[in-house]
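Undergrad: From the sequence below, what's the structure:
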Amino acid sequence: MIRDLGTSVRAAARGGGDAPGRWVEVLGRAGIAAYGVVHVLIAYLVVAAMIGVRGQPAADQGGAVTVVAALGPVGRALLGVAAAGLVAFGVWQVCAAATGFRWVSGGERFRKRVGAAAKALAVFAVAAAVLPALLGERLADGDASVRSLTASLLVLPGGRVVVAAIGITAIAVAASMVYTAIRATYLGDLRERDLSPALLGLARWLGRAGNLGRAVALGGVGGSFVRAASTADPLRSAGFDGVLRALGTNSWGVVALALVAAGIAAFGAYCAIDAWARRA
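TA: Predicted coordinates for the structure are as follows:
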């Protein structure tokens with residue numbers, strides 16, 4: 001596997017696009033679509049929590065996987081395809097982080113490569129969340145897992161620094177998402193010739209809303225890690241579900257949650273366009 005990945009990176013460096021092979025591109029496009037479906041399901045779970053629907057899983061990637069797994073054999077088959085696609089897209093992004101984005105230069109290329117590395121980690125994490133569902137295992141609670149990880153880190157020498165660094169990194173990625181939304185730099189990753197003016201305009205606004213919505217959620221996660229580090233209290237850390245539930249406790253929480261849910265759903269819709277028109 002590692003040797004094949006190294007071969008793929010070298011192949012991408014020599015030739016055409018960022019995708020290191022036709023099979024990776026095809027599966028990777030399915031993975032982009034699956035990544036979008038995960039975000040749409042998270043948005044649905046946020047709305048379900050807002051209107052008081054009981055018995056719903058957490059509004060995070062584990063919750064989205066749980067919704068699909070509940071469909072039985074069909075759901076597990078869909079999760080299998082999604083997992084393969086997500087891994088392929090992760091490999092694609094690893095190659096892009098190493099040698100890609102040759103159509104831009106300087107700081108913009110560096111920023112895109114860092115973003116590709118972060119995206120690879122994100123999609124590998126979603127793929128890892130799918131595995132227990134494929135094996136018929138119960139998924140761990142997202143917030144409980146985050147707090148357990150934080151507690152394990154805090155007892156280590158320099159653990160508070162590590163936890164703070166995780167939080168600051170998440171906040172920095174969220175800030176990058178805001179920059180991406182404002183500048184619409186994500187459009188540079190698309191083959192614009194394959195999109196009509198109307199569809200390109202739709203991609204612009206879906207991507208903008210999607211990146212802003214995700215930035216709010218990820219920034220909240222980062223902030224919770226910084227608070228956990230400053231107080232040495234792992235209970236102050238939270239995953240996406242915990243951050244969104246906390247957001248909903250404010251007087252303006254319903255409006256904020258609705259906007260975040262709309263943004264997350266918009267990103268899911270943008271992924272459909274991305275899956276079709278992403279530069280390979």
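Undergrad: low-scoring stretches of the stretch 151-280 of the chain, by residue?
TA: Residue ranges of the stretch 151-280 of the chain with pLDDT under 70: 251.
Undergrad: That one: helices as residue ranges?
TA: Taking DSSP state H, counting those that start in this stretch as the test, the helices found in the stretch 151-280 of the chain are 159-183, 197-231, 240-247, 253-277.
Undergrad: And the stretch 1-150 of the chain, by the same measure?
TA: 2-14, 22-50, 61-69, 73-99, 106-134, 142-154.
Undergrad: Mind checking these for the one nearest to residue 235?
TA: Smallest distance to residue 235 across the helices of the stretch 1-150 of the chain (Cβ to Cβ): 6.1 Å, for helix 142-154. To be clear about C-beta, it is placed using only N, CA and C from the backbone, and glycine gets the same treatment.
Undergrad: Alpha carbons of the closest one, in CSV - could you do that?
TA: Extracted C-alpha coordinates of helix 142-154, given in CSV (Å, rounded to 0.1, in the frame of the first residue of the first chain):
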residue,chain,number,x,y,z
GLY,A,142,-18.3,11.7,19.2
ASP,A,143,-18.1,14.1,22.1
ALA,A,144,-17.2,11.3,24.6
SER,A,145,-14.4,10.2,22.2
VAL,A,146,-13.1,13.8,22.0
ARG,A,147,-13.1,14.2,25.8
SER,A,148,-11.4,10.9,26.3
LEU,A,149,-8.7,11.9,23.9
THR,A,150,-8.3,15.3,25.6
ALA,A,151,-8.1,13.6,29.0
SER,A,152,-5.4,11.2,27.7
LEU,A,153,-3.4,14.1,26.3
LEU,A,154,-3.7,16.3,29.4
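Undergrad: Counting by contacts, list what that helix packs against.
TA: Packing contacts for helix 142-154, counted by 3 or more Cβ pairs under 8 Å, 6 or more residues apart in numbering; DSSP states H and E, involve helix 61-69, helix 159-183, helix 197-231, helix 240-247.
Undergrad: could you redo these as JSON lines and give each row distance to residue 257 and mean neighbour count?
TA: Shown next, in JSON lines, are those (distance: least, Cβ to Cβ, whole Å; neighbours: other Cβ atoms under 10 Å):
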{"stretch": "helix 61-69", "distance to residue 257": "15", "mean neighbour count": "23"}
{"stretch": "helix 159-183", "distance to residue 257": "17", "mean neighbour count": "17"}
{"stretch": "helix 197-231", "distance to residue 257": "10", "mean neighbour count": "20"}
{"stretch": "helix 240-247", "distance to residue 257": "6", "mean neighbour count": "22"}
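Undergrad: Distance to residue 189 for the helices of the stretch 151-280 of the chain - can I get that in TSV?
TA: TSV is the format used below for these (distance: least, Cβ to Cβ, whole Å):
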stretch	distance to residue 189
helix 159-183	10
helix 197-231	10
helix 240-247	24
helix 253-277	7
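Undergrad: Which of these sits closest to residue 112?
TA: Here helix 159-183 is closest among those (Cβ to Cβ), at 9.5 Å.
Undergrad: which one of the helices of the stretch 1-150 of the chain lies closest to residue 274?
TA: Of all the helices of the stretch 1-150 of the chain, the one in closest proximity to residue 274, counting by Cβ to Cβ, is helix 22-50 (5.3 Å).
Undergrad: Give me the buried stretch members for the closest one, please.
TA: For helix 22-50, a neighbour-count test (16 or more other Cβ atoms under 10 Å) marks 24-25, 27-50 as buried.
Undergrad: if we can go back for a sec, looking at the helices of the stretch 151-280 of the chain, which is closest to residue 58?
TA: Judged by Cβ to Cβ, the one of the helices of the stretch 151-280 of the chain that comes nearest to residue 58 is helix 240-247, at 3.8 Å.
Undergrad: ok, back up a step: between the helices of the stretch 1-150 of the chain, which gets nearest to residue 250?
TA: Residue 250 lies closest to helix 22-50 among these, at 13.0 Å (Cβ to Cβ).
Undergrad: How far off centre is the closest one?
TA: Distance of helix 22-50 from its chain centroid, counting by Cα atoms, centre = their mean, to the nearest Å, is 9 Å.
Undergrad: Compute the inter-axis angle for that helix and helix 240-247.
TA: Angle of helix 22-50 versus helix 240-247, following axes from the mean of the first three to the mean of the last three Cα atoms, to 10 degrees, is 30 degrees.
Undergrad: Just the mean pLDDT for helix 22-50, thanks.
TA: Average pLDDT, helix 22-50: 88.
Undergrad: So which elements touch that helix?
TA: By 3+ Cβ pairs under 8 Å, 6+ apart, helix 22-50 packs against helix 61-69, helix 73-99, helix 106-134, helix 240-247, helix 253-277.
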